[in-house]
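Asker: Have a look; sequence and predicted model below, questions after that.
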Amino acid sequence: MANLQIVPAYKNVEAQYVEMMVPLYSYGCEKKVKKTLAGIKGIYSVNVDYNQQKVTVWGICNKHDVLNTMRTKRKEARFWNDEDNIEMEEESQKDPNKPMKPMTLTTVRSLSWKAWKMVFKRSYSF
């Protein structure tokens, strides 16, 4: 997941700031956010402001990849600036007739032997 970055190799590649509004419920969330964003290549620093619910990322990165990575942990994450959010919504609404992914079987954790015995308990009542 950390290899989503594709940064164009122009002559002048500069680091940029990406500011996001992320709901933080505790200081543990702050650690989770820092750990998640630290795995992206090209990130130099991550600043989390718990009081403002704001995350600032500095590095050579694509801001949409940073937001998508953040949304793996916090679904309500969005850009701090409203213009960036509008741009993101327009991109997602470009192709409304996009076919849905086919449904696939998911892996299910198997029950233990003891649990199976409880499920299929013999009943002697007729």
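Answerer: The structure has been received and is ready for your questions.

Asker: ok, T36 - contacts?
Answerer: Residues near T36 by C-beta atoms under 8 Å, 6 or more residues apart in numbering: T69, M70, T72, K73. C-beta: built from backbone N, CA, C; applies to glycine.

Asker: For it, report the pLDDT, please.
Answerer: At T36, the model reports a pLDDT of 89.

Asker: and it, which of the three is it?
Answerer: Three-state call for T36 (DSSP: H, G, I helix; E, B strand; the rest coil): helix.

Asker: Which strand residues bridge V48?
Answerer: V55 (DSSP bridges).

Asker: need the contact list for it.
Answerer: The contact partners of V48, by C-beta under 8 Å, 6+ apart, come to L24, E30, V33, K34, K54, V55, T56.

Asker: From those residues, list just the buried residues.
Answerer: L24, E30, V33, V55 (16 or more other C-beta atoms under 10 Å).

Asker: now the strands for this protein?
Answerer: Here the chain has its strands, by DSSP state E, at 16-21, 43-49, 54-59, 78-79.

Asker: can the buried ones among the contacts of V48 go into TSV with extra columns for pLDDT and distance to W113?
Answerer: Formatted as TSV, the buried ones among the contacts of V48 follow (pLDDT from 0 to 100; distance: C-beta to C-beta, whole Å):
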residue	pLDDT	distance to W113
L24	89	42
E30	87	42
V33	90	40
V55	93	46
